[in-house]
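S.K.: coordinates only, sequence not included:
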């Protein structure tokens, strides 16, 4: 099952939103070259800036950031759309079968897709439970 790109409106911003009155406090943190590489890699994976990554990670409850929650919600919505499409396909196959047509390869493809989406849901559920 190919991963579809997450639309930018779901993905959100790389930078944090402006705070009313601005941010009066700044913190300077020195890191080694190895730490910088790791921070950059994680920030790119999360599609956020390094400062946002550090602030979210430090202020996260139970190790989960708002970026993580948004990404999880986007994955659930994407999986829900896939499931709705699959239900429609299975319904069309059932309608044809009830009309006397023999189910072809599309039945096997649809059932395999249902198993893949079910596996994706099984993969996402523990993340949802741990985020509570």
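M.R.: Cool, the structure landed. This structure is a prediction, so every number in the text was calculated from the model and none was measured.
S.K.: alpha carbons only for contacts and neighbour counts from here, please
M.R.: Noted.
S.K.: Can you pull out the low-pLDDT segments for the chain?
M.R.: Applying pLDDT under 70 to the chain flags residues 1-13, 62-64, 66, 128-132.
S.K.: can you list the domains in it?
M.R.: Following automatic domain parsing, the chain resolves into domains at 29-59, 64-132.
S.K.: Present those as JSON lines; the columns should include mean neighbour count and distance to residue 18.
M.R.: Shown next, in JSON lines, are the domains of the chain (neighbours: other C-alpha atoms under 10 Å; distance: least, C-alpha to C-alpha, whole Å):
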{"stretch": "domain 29-59", "mean neighbour count": "14", "distance to residue 18": "12"}
{"stretch": "domain 64-132", "mean neighbour count": "14", "distance to residue 18": "16"}
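S.K.: export the ones you listed to a markdown table and tack on distance to residue 23?
M.R.: Converted to a markdown table, the domains of the chain look like this (distance: least, C-alpha to C-alpha, whole Å):
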| stretch | distance to residue 23 |
| --- | --- |
| domain 29-59 | 13 |
| domain 64-132 | 19 |
